[in-house]
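A.B. asks: Build me a model from this:
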Amino acid sequence: MTTLEKPAEFDDVMDGLGLMAGAANVIMQLSHPGVGYGVVESRVASGRLFDHPIKRTRTTLTYLAVAATGTGTDEEKQLFRRAVNTAHRHVRSTEASPVEYNAFDPELQLWVAACIYRGFEDVHHALYGPIPAEAVEWYYRKGATFGTTLQVEPDMWPIDREAFEEYWNEALAKVDIDDVVRDHLYAIAAMRFLPRPVSLLFGRLNLFLTAGFLPPMFRDRMRLPWSPRDQRRFDRLMRTLGAVNSRLPVALREAPYRLLMADLRRRIRTGRPLV
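C.D. replies: Numbering: from 1, shown residues only. Take a look at the predicted model:
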């Protein structure tokens, strides 16, 4: 791939507001049976969301910060990759698993990276409208780091945005959410991994946001109800949040990811576990 320069007028911000779409993106990732069962059947107790919600959330978001903010050094990426790989060694299917999977499978990691990238596009579109045409390829090529930070080789990432769309449409044929994975994902969207008072207060809102950020195909596979009225409410909310958020200082908009990078560097400095 040739290097592209960022268009001067493009507002490249790692928006913390995009975390609203977190559950929707997890659903997209786990809709591939190999990824879904890799998570549902995971024998890595320390990394299971429902056992260690804060730790697991921190690890996932730190990965995004390291891979995508542009502030992570090559050494930091290597250290974080090594830590993730240590956990991934134990994530593989058994004879009892309904599907075969291995966390080191680069094809599965490519799917996860593609979902993360697609999610960032969808968030940008919901909050601010489409990415400017002159910025699409730059933004897309930057997204390759979602995969290459782990096992995805650079030449596996589709060469341009058009090729990515072809890959995405072909990969959708593998989407299959069965009852086991669906129940797990619904519990995530309803925030049941958090203390009950939190899930009671915010679970319904998060289900609405999750359904709103999901492409229709994934929403249907999750059997989440959605009406034209829901879509209008969602669009109004996103436009309002986007208009307010775009006027905030960049440091505030990026605060969650900047804090995560500061925490990662503190952990590296003090020798504490990274995941």
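A.B. asks: can we go C-alpha only for contacts and neighbour counts from here?
C.D. replies: Will do.
A.B. asks: Quick one: neighbours of I159, just the number.
C.D. replies: Neighbours of I159 under the rule other C-alpha atoms under 10 Å: 16.
A.B. asks: Who are the packing partners of the helix ranked longest in the chain?
C.D. replies: Ranked by residue count and defined by DSSP state H, the top helix of the chain is helix 106-128. Packing contacts for helix 106-128, counted by 3 or more C-alpha pairs under 8 Å, 6 or more residues apart in numbering; DSSP states H and E, involve helix 22-30, helix 145-148, helix 228-245.
A.B. asks: And the next helix or strand past the shortest one?
C.D. replies: Looking back up the chat, that one is helix 145-148. Using DSSP states H and E, the helix or strand that directly follows helix 145-148 along the chain is helix 161-171.
A.B. asks: Report the buried residues of that next one.
C.D. replies: Residues of helix 161-171 classed as buried by neighbour count (16 or more other C-alpha atoms under 10 Å): F164, W168.
A.B. asks: count of residues packed around F50?
C.D. replies: 17.
A.B. asks: pretty sure it belongs to a strand, no?
C.D. replies: No: counting by DSSP: H, G, I helix; E, B strand; the rest coil, F50 falls outside a strand, being coil.
A.B. asks: can you pull the contacts of it?
C.D. replies: F193, L194 (C-alpha atoms under 8 Å, 6 or more residues apart in numbering).
A.B. asks: Between the two ends of stretch 42-57, what distance do you get?
C.D. replies: Taking C-alpha to C-alpha, to the nearest Å, stretch 42-57 runs 16 Å from one end to the other.
A.B. asks: Do me a favour and average the pLDDT over that stretch.
C.D. replies: Across stretch 42-57, the average pLDDT comes to 80.
A.B. asks: Need the residues that contact the longest helix of the chain.
C.D. replies: By C-alpha under 8 Å, 6+ apart, the list of residues contacting helix 106-128 reads 18, 21, 25, 28-29, 34-35, 103, 130-131, 140, 143-144, 146-147, 150-153, 156-157, 168, 171, 213, 235, 238-243.
A.B. asks: Checking R272 next. Helix, strand or coil?
C.D. replies: Classified using three-state DSSP, R272 is coil.
A.B. asks: Run a quick neighbour tally on it.
C.D. replies: 11.
A.B. asks: what do you get for L79?
C.D. replies: 14.
A.B. asks: pLDDT score for it?
C.D. replies: L79 is given a pLDDT of 89.
A.B. asks: Make sure I have this right: R219 is in a strand.
C.D. replies: No: counting by three-state DSSP, R219 is located in no strand; its state is helix.
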